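[1] Could you work out the structure for the sequence below:
(chains A, B, C and D, ligands or ions: 4)
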There are 2 protein chains.
Amino acid sequence: MTLHHDIARKLADAGIPLTSQRLLIACELFAEHCHLSADELLQRVGSLTPDISRATVYNTLKLFSQKGLVQELVVENGKRVYDSNTAPHPHCYNADTGELTDVHQSLQLAGPLPELPPGTALERVDIIVRVRNVA
Amino acid sequence: MTLHHDIARKLADAGIPLTSQRLLIACELFAEHCHLSADELLQRVGSLTPDISRATVYNTLKLFSQKGLVQELVVENGKRVYDSNTAPHPHCYNADTGELTDVHQSLQLAGPLPELPPGTALERVDIIVRVRNVA
DNA sequence: TTCAGTTTTTAGACACAGTCTAAACCGGAA
DNA sequence: TTCCGGTTTAGACTGTGTCTAAAAACTGAA
Ligand SMILES: [Mn+2]
Ligand SMILES: [Mn+2]
Ligand SMILES: [Zn+2]
Ligand SMILES: [Zn+2]
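    Ligands and ions are numbered 1, 2, ... in the order given. Below you'll find the predicted structure:
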């Protein structure tokens, strides 16, 4: 109940008109901190009724990302992942399992950022701790 | 001349039998520090004679990566990039142009690494400075 | 309520990077 | 020469994401 209202307000604040599809997708994304690919999300909402089309899931995720509601991550090829936590935080990626988890300790960079190429502005700094299963 | 000999030795040291295709690909990769996708590399060697098949380019890049001769990077979806510099070093990614450059200043992490998930070992830490063109 | 104009959703075709397979090819040893 | 393992190859195939054009759902004015 309140969850739906919170999410509706969240979308409104971002200037996104509310639709039933967007509400369902947002519910899945914001119920808990998660890292979901478009197809994983599609599968989740697909088990609900009525189904939401694939195009809408992709469009909505891109829209949410552009409006700053989710963070788009790319850590392995052929899969884009959306992070419902938009605060800057490092990630841990298991190259064997593909599992992507948060690093709750804040990894700061020592020293200043490098000089950026001329004509560019900083967007963010991605830090990914890559691990492998021990043999 | 010596370049070919240097590269031949490099492959031999890594335990990779020499073939004409591997030599051509390695020449393109190791002549200068570069970040190449499989298709970019395919295009380069494709302008030579004789052509090298797409499958061989993909197989060879994966082999070189497994043997530690190049570093596989993923910063945007739908394109894997191979870095001929295997030393750990941060990168700068322009999200507007797709350009990937090296950060020559070494960005160290302040403080210790986080505790890794049980049963895993550190592979490496990727640091990517994402920038955008200013309007 | 009607109706026109706009936005959103949708199915399906499409593009593209990467993988897989099975056959051809090659080079060295017997 | 023949044999045999490793290598290369064309082409089919997969999976993720994009595009398009039409249907559907809104919106606001008449
Ligand atoms: Mn369903
Ligand atoms: Mn050619
Ligand atoms: Zn996260
Ligand atoms: Zn580099």
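[2] Surely residue A:96 is in contact with residue A:132?
    Yes: Residue A:96 lies in contact with residue A:132 (C-beta atoms under 8 Å); the separation is 5.4 Å. For the C-beta atoms, the positions are set from N, CA and C on the backbone; glycine is no exception.
[3] The strand ranked longest in chain A and chain B in contact?
    What stands out as the longest strand in chain A, according to DSSP state E, is strand A:120-133. Yes: residues of strand A:120-133 contacting chain B under C-beta under 8 Å from any C-beta of the partner chain: A:120-133.
[4] thinking again about what came up before, ok, residue A:96 and residue A:132, which is more surrounded?
    For residue A:96 versus residue A:132, neighbours defined as other C-beta atoms under 10 Å in any protein chain shown are more numerous around residue A:132 (17 against 12).
[5] And the pLDDT for the more buried one?
    For residue A:132, the model assigns a pLDDT of 94.
[6] One more: residue A:75?
    Residue A:75 is assigned 94 on the pLDDT scale.
[7] For it, which non-adjacent residue is closest in space?
    Among residues not flanking residue A:75 along the chain, residue A:93 sits closest, at 5.0 Å (C-beta to C-beta, 6 or more residues apart in numbering or on different chains).
[8] Return the helix or strand in chain A with minimum mean pLDDT.
    None of the helices or strands of chain A scores lower by mean pLDDT, DSSP states H and E than strand A:108-110, at a mean of 69.
[9] sorry, back to before: list the beta-bridge partners for the residue nearest to residue A:75.
    Taking DSSP bridges as the rule, residue A:93 bridges to residue A:100, residue A:130.
[10] count of residues packed around it?
    A count of nearby residues for residue A:93, using other C-beta under 10 Å, gives 20.
[11] I'd guessed it sits against residue A:100; true?
    Yes: counting by C-beta under 8 Å, residue A:93 touches residue A:100, with 5.4 Å between them.
[12] Common neighbours of the two, please.
    Residues touching both residue A:93 and residue A:100 (C-beta atoms under 8 Å, 6 or more residues apart in numbering or on different chains): residue A:75.
[13] Report the contact partners of the residue sitting furthest away from the middle of chain A.
    The C-alpha centroid of chain A is most remote from residue A:135, which lies 31.1 Å away (C-alpha atoms, centre = their mean). The contact partners of residue A:135, taken as C-beta under 8 Å, 6+ apart, number zero.
[14] helix, strand or coil for it?
    In three-state terms, and counting by DSSP: H, G, I helix; E, B strand; the rest coil, residue A:135 is coil.
[15] so how far is residue B:122 from it?
    Taking C-beta to C-beta, to the nearest Å as the measure, residue A:135 falls 14 Å from residue B:122.
[16] just residue A:43 next, same as before
    To residue B:122, residue A:43 is 32 Å away according to C-beta to C-beta.
[17] who touches the residue in chain A that ligand 4 sits nearest to in this structure?
    Proximity of chain A to ligand 4 (C-beta to the ion) peaks at residue A:114, 13.2 Å away. By C-beta under 8 Å, 6+ apart, the contact set of residue A:114 is B:90, B:92, B:103-105, B:107, B:129.
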